[in-house]
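In: Output the structure for:
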Amino acid sequence: MQKIIKQAVVAAGVSLVALTSVTPADAVSAPLSESRIVSHFDAAQGQLPENVVIGRHGSVYVTFAAARQVARVDRNGTTQILATLPAPADGGAGTPVLGFALTTGLARTDDGSLYVLYATGTSELTGLWRLKPGQDKAERIAALPADGLPNGLAYDSRTHAFYITDSVLGTVWSVPLKGGKATPWSTAPELAVGGFLGANGIRVHRGALWVTNLDQGTVLSFPLRNGHRGGTPSIRATGLEGIDDFAFTGRGNELIATLNGPNKVVRVTSGGASSTVLNAYDGLQNPSSVAVDGQNVYVTNSAYRTATDPNLLRAKLDRLGR
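Out: Numbering: from 1, shown residues only. I've put the predicted structure just below:
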């Protein structure tokens with residue numbers, strides 16, 4: 001496992017910018033406050049949290065990338081492993097860019113089922129997996145290309161379809177809720193890789209599909225049209241180096257985004273302006289994902305490059321903040 005973690009650190013270091021030292025005077029929080037780490041994870045066991053979604057009763061669900069696991073973290077910070085996905089025969093050495101098998105995007109539907117993306121570099125295992133409530137074994141419901149890196153996952157309850165970003169192939173895939181064949185929904189050049197990883201985070205919001213591009217530092221939006229491929233995207237924000245995942249705050253198109261390499265969480269206004277709201281002083285360790293639940297903002301810190309303290313952080317969102 002230590003070898004896998006070292007691979008993750010080296011791979012992240014290929015493109016992501018170096019971290020800078022942070023002092024208390026540098027910390028910027030508004031409109032977030034009361035940030036604190038609610039759970040620390042075990043890096044030696046591969047518990048590098050990649051994605052987070054909201055559960056019930058103050059709990060959240062996370063994927064542990066290098067451990068190939070889906071876990072639940074309750075409101076007290078206690079972690080329960082729900083399922084471990086099967087390891088490929090080569091350990092995932094053929095996984096593009098990263099060289100190890102990893103669980104990535106996560107989504108939860110109203111019936112409590114969890115859906116997780118798995119990248120392995122093998123045609124037998126790479127794809128979208130489903131974990132039903134009360135079960136401890138997930139099943140693959142859609143295959144995805146072994147030479148790709150499925151990363152971000154979003155569910156559209158209106159059309160009963162999943163949308164998946166592929167960070168290597170520069171593609172957004174569409175998969176029906178029941179599973180089946182993955183269809184390329186968009187291969188727009190704005191999704192392309194620029195040296196490391198391209199299309200990354202993804203959300204359905206106000207009749208559009210919003211996507212980030214890590215290499216290009218952008219936030220994009222595609223109009224959602226029934227039965228059609230994605231059209232030309234609109235560029236909503238630029239200059240966000242190392243942008244990974246994001247979540248909307250509930251104020252129009254304002255969003256909170258994680259910048260993995262720069263070790264920051266930023267607020268992006270509806271007009272595209274950005275400002276730092278959390279940094280390393282707040283406990284960030286290569287933030288990879290964010291979820292908003294009312295006034296609670298959860299951030300997973302993967303520690304891909306810091307290799308120090310993978311954790312789950314929670315902060316309060318000031319809804320009157322400007």
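In: Next, the buried residues of stretch 292-302.
Out: 292-293, 296-302 (16 or more other C-beta atoms under 10 Å). C-beta here means a position set from N, CA and C on the backbone, and glycine is covered the same way.
In: and residue 225, what is it in contact with?
Out: Applying C-beta atoms under 8 Å, 6 or more residues apart in numbering to residue 225 gives the contacts residue 231.
In: Could you name the helices and strands sitting against the longest strand anywhere in the chain?
Out: If you go by DSSP state E, the chain has its longest strand at strand 32-40. Helices and strands touching strand 32-40, by 3 or more C-beta pairs under 8 Å, 6 or more residues apart in numbering; DSSP states H and E, are strand 274-278, strand 311-317.
In: ok, residues contacting the helix or strand following it?
Out: Later in the chain than strand 32-40, the nearest helix or strand by DSSP states H and E is strand 49-54. Contacts with strand 49-54, where a contact means C-beta under 8 Å, 6+ apart, come from 41, 60-65, 102-108, 114, 153, 245, 288-291, 293, 298-302, 310-312.
In: ok, of those, which come out buried?
Out: 41, 60-65, 102-108, 114, 153, 245, 288-291, 293, 298-302, 310-312.
In: ok, back up a step: partner strands of the longest strand of the chain and their direction?
Out: Using DSSP bridges, strand 32-40 pairs in its sheet with strand 311-317 (antiparallel).
In: what's the angle from the partner strand to strand 274-278?
Out: Taking axes from the mean of the first three to the mean of the last three C-alpha atoms, to 10 degrees, one finds strand 311-317 and strand 274-278 inclined to each other by 120 degrees.
In: distance between strand 311-317 and the chain's centre?
Out: Put simply, strand 311-317 sits 15 Å off its chain's centre (C-alpha atoms, centre = their mean, to the nearest Å).
In: Likewise for stretch 159-168?
Out: 12 Å.
In: Just the contacts of strand 49-54: which are in strands?
Out: Assignment to strands by DSSP E places the following of those there: 60-64, 102-108, 114, 153, 245, 288-291, 293, 298-301, 311-312.
In: Please enumerate the strands of the stretch 51-200 of the chain.
Out: In the stretch 51-200 of the chain, the segments counted as strands under DSSP state E, counting those that start in this stretch are 60-64, 69-73, 79-84, 102-108, 114-119, 127-131, 139-143, 150-156, 161-166, 171-176, 183-186, 199-205.
In: Any chance of CSV for these, columns distance to residue 54 and mean pLDDT?
Out: Below are those laid out as CSV (distance: least, C-beta to C-beta, whole Å; pLDDT from 0 to 100):
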stretch, distance to residue 54, mean pLDDT
strand 60-64, 6, 98
strand 69-73, 11, 98
strand 79-84, 15, 98
strand 102-108, 7, 98
strand 114-119, 12, 98
strand 127-131, 16, 98
strand 139-143, 22, 98
strand 150-156, 13, 98
strand 161-166, 17, 98
strand 171-176, 22, 98
strand 183-186, 25, 96
strand 199-205, 13, 98
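In: Adding distance to residue 50, write these out as JSON lines.
Out: Output for these, formatted as JSON lines (distance: least, C-beta to C-beta, whole Å):
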{"stretch": "strand 60-64", "distance to residue 50": "5"}
{"stretch": "strand 69-73", "distance to residue 50": "10"}
{"stretch": "strand 79-84", "distance to residue 50": "14"}
{"stretch": "strand 102-108", "distance to residue 50": "5"}
{"stretch": "strand 114-119", "distance to residue 50": "9"}
{"stretch": "strand 127-131", "distance to residue 50": "14"}
{"stretch": "strand 139-143", "distance to residue 50": "18"}
{"stretch": "strand 150-156", "distance to residue 50": "9"}
{"stretch": "strand 161-166", "distance to residue 50": "13"}
{"stretch": "strand 171-176", "distance to residue 50": "18"}
{"stretch": "strand 183-186", "distance to residue 50": "22"}
{"stretch": "strand 199-205", "distance to residue 50": "11"}
